[in-house]
Structure formats: structure tokens, C-alpha cells
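A.B. asks: kindly generate the corresponding structure for this input.
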Amino acid sequence: MHQQRGRLTPRRITNLRTFEAALWRVVEPYAIQLMDEHRARRSAAQRHEAQQLPPKAPRRDDVLLHRIFLSHREIAESFSTLNRIPVYLRHFPSSLPRRSSRLAWVRYHVENYFHELYVFQNRSEAFFKQLLRAYRKQAYALSLEERCNKLEKALKDGLAGAVTARGRHVHDRRFDDNSLRMLELIELLVEGGGRPRRDRTLFFEDAQMEKRFWMKHNNAEIKKWLDEYGLVLGGLLFMPDGRFRFPVPSRH
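C.D. replies: So this is what the prediction gives:
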């Protein structure tokens, strides 16, 4: 009979937060074990007794669970970065060198946001592929594949415009739109000795506010997708009693 971890208090997985909590509950014992072993090896090495502590081979289930957890954390970290970028964009540092224009400040954060969207999508797709490989011989493999494919398609459709814009920026020319173009014209006008009818700081604030609003709206949509992702994977990877559903080794 396939060995499972001890029973856990069942908690309904309904979104990203509850999925992460359930995943951490099952991976925490292994994480603590790794830290304890690392501490013991360091202590033995300091006493020149390292040869008395041969490395312990991890269990198959522990390795799989750890990989799944780390892959999910890559996605979560990417989303955290997406959430931080509009916060960074909000605060224009007064100590910034004069040669770093407000246009460069806004453009830097917009382009960084596009890049992180691309990273987020790639990490999500890689995670789904990892799950499908790990569970390909299970009775519920088809259901897992169908649900993962739906999640992947929903993400692709939602990010299609942004990823396309990012691709054009990387392979063709820098990302541009009306607000950035207007900000660039104002800065060129001032550099040439002209005086715009409107304070150029206001043009910067307009572009800054517009980009932050777009990023925060986009992040809210991604959060909805992540909550669906947590709900779907929670139902597929966890049993009703809270235990993790490890793939059963095939019998030959």
C-alpha cells in the first residue's frame, strides 16, 4: 500500500491562500528535516566528524513534494514582484541623477512589468508540465491534464496582449504608447529650451498614475486566476482528509 503522511486537519481549499497553507503543512516536516540535517553536518564538520554523518537519501515522496512546492513558490514570487512594481513606480526618488528623466523612470518600470508577466506565464506553464509528468500514470491523470490545460489557456488568453507587447519591445523597438510618447515630447521640448503650457511634472504624474492603475487592475485579474488555480489544484492534489495525493508507483 502506498505510504502517505500522517492525517492533517482537513481544511477546504478554495483559493490561492488556502492552497498555499495546505501545501506548506505537508512540506514543512521535510523542510525542518533538511534544516536539521544541514545543521548537524555543519556541527560535525566543525568537530572534524563529517565522515560519521553520511548523507541521508531522501524519500521519493519527499523529493517530489519539495519540487512541487519550490515550483509553486517560483510562481508566487513572480506574482509578488508584479505587485511590488506599481509601488516602486509611485515613489520617484528625489536623489535620482538629473540625466535619469521621469520618462526613463516610468518606462523602466513598465518594461520591467512586461518582463515579469512573461516570467510569470513561463513559470506557470513549466509547473503544469511538471505536474503532468509526475502524475502521468495515475488514474486521474486525464482529469489533471484537462484542468491544467484550461488554466493554462485562461492565463494565455488573459495575458496575450501584454506578452505580445513585451515581445515587440524585445525584438523590434522599445514599448511606447500615447502617455509615454507625450511625456517624451514634453521632455524634448524642455531640453530644447521650450516652455510647455502645462507643467511637465503633471504629464509625468498622469503617466505614472495611468500605468499604476493598469498594473494594479492587471494584478487583480491575475489574482483571480491564481485563486482558481489554487481551487483546482487543491482539489486534485489533496484528499478530503487533508493528505497530499502522492502518485502511486506503477506495478510491473
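A.B. asks: does Glu152 count as helix, strand or coil?
C.D. replies: Here Glu152 is recorded as helix under DSSP: H, G, I helix; E, B strand; the rest coil.
A.B. asks: list the contacts for it?
C.D. replies: Residues in contact with Glu152 (CB atoms under 8 Å, 6 or more residues apart in numbering) are 124-125, 128. Where C-beta positions appear, they are placed from N, C-alpha and C, glycine not excepted.
A.B. asks: show the subsequent helix or strand relative to the lowest-mean-pLDDT helix or strand in the chain.
C.D. replies: When the helices and strands of the chain are scored by mean pLDDT, DSSP states H and E, helix 178-191 comes last with a mean of 62. Remark: after helix 178-191, the chain's next helix or strand is helix 200-237, criterion DSSP states H and E.
A.B. asks: quick check: Gly158 vs Leu231, distance?
C.D. replies: Distance, Gly158 to Leu231, by CB to CB, to the nearest Å: 17 Å.
A.B. asks: output stretch 77-95 as PDB, restricted to C-alpha atoms.
C.D. replies: Presented in PDB, the C-alpha positions along stretch 77-95 are these (Å, rounded to 0.1, in the frame of the first residue of the first chain):
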ATOM      1  CA  GLU A  77       7.400  35.100  -6.000                       C
ATOM      2  CA  SER A  78       6.800  36.300  -9.600                       C
ATOM      3  CA  PHE A  79       3.300  37.500  -8.600                       C
ATOM      4  CA  SER A  80       4.800  39.300  -5.600                       C
ATOM      5  CA  THR A  81       7.200  41.100  -7.900                       C
ATOM      6  CA  LEU A  82       4.300  42.100 -10.100                       C
ATOM      7  CA  ASN A  83       2.600  43.600  -7.100                       C
ATOM      8  CA  ARG A  84       5.700  45.500  -6.000                       C
ATOM      9  CA  ILE A  85       6.300  47.200  -9.300                       C
ATOM     10  CA  PRO A  86       3.400  49.700  -9.100                       C
ATOM     11  CA  VAL A  87       4.500  50.500  -5.600                       C
ATOM     12  CA  TYR A  88       8.000  51.300  -6.800                       C
ATOM     13  CA  LEU A  89       6.600  53.400  -9.700                       C
ATOM     14  CA  ARG A  90       4.600  55.500  -7.200                       C
ATOM     15  CA  HIS A  91       7.700  56.900  -5.500                       C
ATOM     16  CA  PHE A  92      10.000  58.900  -7.800                       C
ATOM     17  CA  PRO A  93      13.300  59.300  -5.800                       C
ATOM     18  CA  SER A  94      14.500  62.900  -5.400                       C
ATOM     19  CA  SER A  95      18.100  61.700  -5.300                       C
END
